[in-house]
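In: What follows is a protein structure lacking sequence information:
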């Protein structure tokens, strides 16, 4: 029997101490595993200054970082998805749409409109991964198509900033139809000789990558972006083979010639403006408004006198 009983501290610990730090005050950098303050990220376009890791950027912030100030005019603002298949799962599709709309302030995963970049008019569409993983449904596909058709009608370059997990399963075949619709629209744009620049961000996968995202005249990508059709884990389990290091990253695709350039987010606007300026100076085949070379006058035939 112990002569003395152990005495323990009676200091009370506030179990709510962890809640004193506001939610979203900081995030962990997946690359360095370091803690980064959210405000610091926001000031740096959601790029970690130390490691260069690119977090997803919202569509409004992306547009603000790219276009000339005060020139963006959004189109199709009120366009919203419906539930034609009456999808029922853990929660109804309509409930998911309402929740993501409240969370993001958007009606769907694509924001599109017209703007100027370096004084050059462009048709711009930006995908926002916060809205249902920027999955492509009927509204997203329609907005992308209208952005392309505006380029066809007005003969202005089209820029699409892509980010998506793929097709929106809640809309079934109606979602998959958007792949063909957007690709067909790009075919008409190409016939007119109007340039299309595709910007791939993390992640750009599945049906989006298998359609308009991979059809750019110029394809740019942000560093470290996951780009492909099926994910690496699915491919590995299906093929039963180990995948190369960096498989399906933008660096891997650049090395194998599937994209044209990797551009850091802070440099993206200037790089796009440089490309637009260069393209605007080119004579574009199929464009009736492009300058035509002057026709040379036919040389006069020498006259000969008839001899008797």
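Out: Cool, the structure landed. Computed from a prediction, not measured in an experiment: that's the story for all the values here.

In: roughly how far is the lowest-mean-pLDDT helix or strand in the chain from the heart of the chain?
Out: Of all the helices and strands that make up the chain, helix 232-239 has the lowest average by mean pLDDT, DSSP states H and E, namely a mean of 74. Put simply, helix 232-239 sits 25 Å off its chain's centre (CA atoms, centre = their mean, to the nearest Å).

In: List of residues touching that helix?
Out: Residues outside helix 232-239 that contact it (CB atoms under 8 Å, 6 or more residues apart in numbering): 230, 242-243, 247-248. In short, each C-beta sits where N, CA and C put it, glycine included.

In: Go again with 7 Å.
Out: Applying CB atoms under 7 Å, 6 or more residues apart in numbering, the contact partners of helix 232-239 are 243, 247-248.

In: check contacts around residue 81.
Out: For residue 81, the contacting residues are 97, 108, 137-139, by CB under 7 Å, 6+ apart.

In: same deal with residue 268?
Out: With CB under 7 Å, 6+ apart, residue 268 has these contacts: residue 66.

In: Kindly recompute the last result at 10 Å.
Out: With contact taken as CB atoms under 10 Å, 6 or more residues apart in numbering, residue 268 is in contact with 45, 62, 65-66, 161, 199, 201, 220, 222.

In: From those, pick the one nearest residue 213.
Out: For residue 213, the nearest member of the contacts of residue 268 is residue 199. The distance, counting by CB to CB, is 9.0 Å.

In: so residue 160 sits right up against residue 196, yeah?
Out: Yes. Taking contacts as CB atoms under 10 Å, residue 160 lies within contact range of residue 196: 7.5 Å.

In: and the longest strand along the chain, what's its mean pLDDT?
Out: The strand spanning the most residues in the chain, taking DSSP state E as the definition, is strand 196-205. When pLDDT is averaged along strand 196-205, the result is 94.

In: Give the pairing partners of that strand; include direction for each.
Out: Each strand paired with strand 196-205, and its direction, by DSSP bridges: strand 158-164 (parallel), strand 218-221 (parallel), strand 227-228 (parallel).

In: can you redo those as CSV with distance to residue 186, mean neighbour count and mean pLDDT?
Out: What follows is those, written out as CSV (distance: least, CB to CB, whole Å; neighbours: other CB atoms under 10 Å; pLDDT from 0 to 100):
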stretch, distance to residue 186, mean neighbour count, mean pLDDT
strand 158-164, 8, 27, 95
strand 218-221, 13, 22, 95
strand 227-228, 18, 22, 86
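
In: measure residue 130 to residue 93 for me?
Out: Residue 130 sits 17 Å away from residue 93, going by CB to CB, to the nearest Å.

In: Dump the contacts of residue 268 into a markdown table; add distance to residue 149 as well.
Out: Shown next, in a markdown table, are the contacts of residue 268 (distance: CB to CB, whole Å):
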| residue | distance to residue 149 |
| --- | --- |
| 45 | 30 |
| 62 | 22 |
| 65 | 25 |
| 66 | 21 |
| 161 | 18 |
| 199 | 20 |
| 201 | 23 |
| 220 | 23 |
| 222 | 27 |
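
In: Of those, grab the buried ones for PyMOL.
Out: The PyMOL command for the buried members of these (criterion: 16 or more other CB atoms under 10 Å) is given here:
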select buried, resi 45+62+66+161+199+201+220+222
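
In: returning to that earlier point: out of the strands paired with strand 196-205, which is closest to residue 267?
Out: Each of those was scored for nearness to residue 267 using CB to CB, and the closest is strand 218-221 (10.2 Å).

In: hmm, back to that, spatially, which two of the contacts of residue 268 are the most separated?
Out: With CB to CB as the measure, no two of those lie farther apart than 45 and 220, at 15.5 Å.

In: Quick check: the gap between the closest residue to residue 200 other than its chain neighbours and residue 151.
Out: Nearest residue to residue 200, sequence neighbours excluded (CB to CB, 6 or more residues apart in numbering): residue 221, at 4.1 Å. Distance of residue 221 to residue 151, computed by CB to CB: 21 Å.

In: okay, now residue 171: neighbour count?
Out: A count of nearby residues for residue 171, using other CB atoms under 10 Å, gives 25.

In: and stretch 40-51, how far out from the chain's middle?
Out: Distance of stretch 40-51 from its chain centroid, counting by CA atoms, centre = their mean, is 19 Å.
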